[in-house]
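Student: I'd like to go over a predicted model; first the sequence, then the structure.
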There are 2 protein chains.
Amino acid sequence: MRKTKRERKKEIRRELIIDSAVEVIRRNGFEQATMNEIAREADLGKGTLYLYFRNKADIYLAINERGSGLLNQQLREIILQNKSGIEILDELGNAYLRFIKKNPVFFMAASYYENLLKNNILTESSLTKECEKHAKEAMTYIVRSLQIGIQDGSIRNSHDPYKLGLIIWSASRGVVHAAHQSEILKSAEHSGSEEMDYASLLGIFIDVLRSGIKNDQ
Amino acid sequence: MRKTKRERKKEIRRELIIDSAVEVIRRNGFEQATMNEIAREADLGKGTLYLYFRNKADIYLAINERGSGLLNQQLREIILQNKSGIEILDELGNAYLRFIKKNPVFFMAASYYENLLKNNILTESSLTKECEKHAKEAMTYIVRSLQIGIQDGSIRNSHDPYKLGLIIWSASRGVVHAAHQSEILKSAEHSGSEEMDYASLLGIFIDVLRSGIKNDQ
DNA sequence: CCTCATAAGTGACCGGGAGTCATTTTTCAA
DNA sequence: TTGAAAAATGACTCCCGGTCACTTATGAGG
């Protein structure tokens, strides 16, 4: 009994640190966040952070883990709806977009994770495994929607759903990145000349994708 | 006369520093590169680097500028060929892929630049302007190929070419990112079960894109 | 209610990297 | 040849991530 109480307290402290890190990043930006300030925000000594996380990277990974968990929750609901494959795919895309827009810090943490992955500088741990699991889960939902679409005839059966899923996932990420950027640029120079917002851009992309994979006869 | 000589020497030194930085990154990885080691590689004192660049970020930006310049050179040649719009688009994609594969350091520097852009932490300078110019130039080639395609009837005229260009550009980047990653993972665990290489993935993407935008009647 | 072993917490300290600047070395026009 | 300006330098500062010897809190057993 005592033991579980201890562990619950530990878990709460851990979450507190993650909360504080998110807050500091939100306030100062991702690159400007320091361990000292995260500790101060959490009302803890710097050394204490290292009782809960191996290093700074692990805190960021933990943020990503939390974020991707929340995102997957959203996606999970969509996949259960009784709709055609292509409609589900559409909604998945929009849910992703909404999530990113609402949680920029999670977006940054995800980019950070992807970057570590790309540069192959991630020490295996339960955290990295969890992050990988979540990423794969998200992929699963896309692949599932494609399979449903092939089944119900709304998506043409000309490519391996797994590969196609990976492509759609990564391409969407690219577009959302760009949309995010151009959103920033636009707000910076407030040139209302051309509407180049998130929704517009991703909307066109989904449109192209639709005609690219839909079954038309 | 004297003056131009000085300036030429300066220009050569500058290029030397960029060369050295590329070499150090290639050897040690992007994150592990230090100003000290770049200086040593260039046979210069550390302080000297700061006569040619304001800071480390500017060196990375200069690498990106060089890289995007080289890439644009490739793209420029393609756009001049007398082919259908959709064929040109296809070749642009493949040229990009080849370039990335051949010049991973330029790819890293480009990612770095994009990241700074995304996080809005770039101090305006001639360098950032040059980077932006190059990025826009690449975009131009894609847009041009789309316009040619709409003209010659190989691409359907249902979207604004500029928006569509931005989407294709960013989506391609996303796919290449992912392909790059999965390439790394594959080589790490050499599981030859599924071919998930660059060419395969981007090939499917281009295929989907083709059917998504091609004019079929 | 005390005792003390162990867990939790801490911040001074360390190594190392980015960026600075007082000083030295090089260049070249007069 | 010379000396003023330009170029080069590396010891130094500052700051950050991470460590560790020490302090404080906890709670089971007497």
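Tutor: Nice, I can see it. The model shown is predicted, which means the values in this text are computed figures rather than measured ones.
Student: what's next to stretch A:32-49, contact-wise?
Tutor: The contact list for stretch A:32-49, computed with C-beta atoms under 8 Å, 6 or more residues apart in numbering or on different chains, reads A:R13, A:L16, A:I17, A:D19, A:S20, A:A21, A:E23, A:V24, A:I25, A:N28, A:K56, A:I59. Yep, even glycine has a C-beta here, placed from its N, CA and C like the rest.
Student: how does it look with 6 Å?
Tutor: With contact meaning C-beta atoms under 6 Å, 6 or more residues apart in numbering or on different chains, stretch A:32-49 is reached by A:L16, A:I17, A:S20, A:A21, A:E23, A:V24, A:I25, A:K56.
Student: Narrow those to those that are buried.
Tutor: Neighbour counting by 16 or more other C-beta atoms under 10 Å in any protein chain shown classes A:I17, A:S20, A:A21, A:E23, A:V24, A:I25 among the contacts of stretch A:32-49 as buried.
Student: How about the helix ranked longest in chain A and chain B, touching?
Tutor: Longest among the helix segments of chain A by residue count, using DSSP state H, is helix A:161-189. Yes - counting by C-beta under 6 Å from any C-beta of the partner chain, chain B is contacted by helix A:161-189 at A:K163, A:I167, A:S170, A:A171, A:R173, A:G174, A:V175, A:A178, A:Q181.
Student: returning to that earlier point: would you turn the contacts of stretch A:32-49 into JSON lines with secondary structure and pLDDT?
Tutor: Shown next, in JSON lines, are those (DSSP: H, G, I helix; E, B strand; the rest coil; pLDDT from 0 to 100):
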{"residue": "A:L16", "secondary structure": "helix", "pLDDT": "98"}
{"residue": "A:I17", "secondary structure": "helix", "pLDDT": "98"}
{"residue": "A:S20", "secondary structure": "helix", "pLDDT": "98"}
{"residue": "A:A21", "secondary structure": "helix", "pLDDT": "98"}
{"residue": "A:E23", "secondary structure": "helix", "pLDDT": "98"}
{"residue": "A:V24", "secondary structure": "helix", "pLDDT": "98"}
{"residue": "A:I25", "secondary structure": "helix", "pLDDT": "97"}
{"residue": "A:K56", "secondary structure": "helix", "pLDDT": "98"}
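Student: of those residues, list those near DNA strand D.
Tutor: Restricting these to those near DNA strand D by C-beta under 7 Å from any atom of the strand leaves A:K56.
Student: before we move on, the earlier item: return the member of the buried ones among the contacts of stretch A:32-49 nearest to chain B.
Tutor: Nearest to chain B among those, counting by C-beta to the nearest C-beta, is A:I25 at 10.7 Å.
Student: dump the residue contacts of the closest one.
Tutor: A:A33, A:V105.
Student: and it, how far is that from A:I78?
Tutor: To A:I78, A:I25 is 28 Å away according to C-beta to C-beta, to the nearest Å.
Student: For chain A, list the residues in contact with chain B, please.
Tutor: Close to chain B, as judged by C-beta under 6 Å from any C-beta, chain A has residues A:118, A:120, A:159, A:163, A:167, A:170-171, A:173-175, A:178, A:181, A:204-205, A:208, A:211-213.
Student: what does chain A have sitting close to DNA strand C?
Tutor: A:R6, A:K10, A:R13, A:D43, A:L44, A:G45, A:K46, A:G47, A:T48, A:Y50, A:L51.
Student: Identify the farthest-apart pair in the residues you listed.
Tutor: A:R6 and A:K46 (22.4 Å; C-beta to C-beta).
Student: Kindly tell me how buried A:D43 is, as a neighbour count.
Tutor: 9 (other C-beta atoms under 10 Å in any protein chain shown).
Student: How about A:M139?
Tutor: Neighbours of A:M139 using other C-beta under 10 Å come to 16.
Student: so it is in which element?
Tutor: If you go by DSSP states H and E, A:M139 is part of helix A:126-152.
Student: how about that helix: buried residues?
Tutor: Buried residues in helix A:126-152 (16+ other C-beta under 10 Å): A:127-128, A:130-132, A:134-135, A:138-150.
Student: A:I86: which of the contacts of stretch A:32-49 is nearest?
Tutor: Distances from A:I86 to those, taken by C-beta to C-beta, are shortest for A:I25, at 36.3 Å.
Student: what residues go with each domain of chain A?
Tutor: A:1-52, A:55-213 (automatic domain parsing).
Student: could those domains be laid out in JSON lines, adding distance to B:F99?
Tutor: Formatted as JSON lines, those follow (distance: least, C-beta to C-beta, whole Å):
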{"stretch": "domain A:1-52", "distance to B:F99": "28"}
{"stretch": "domain A:55-213", "distance to B:F99": "17"}
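Student: Let me know which of those is the nearest to B:E87.
Tutor: With C-beta to C-beta, the closest approach to B:E87 among these belongs to domain A:55-213: 17.4 Å.
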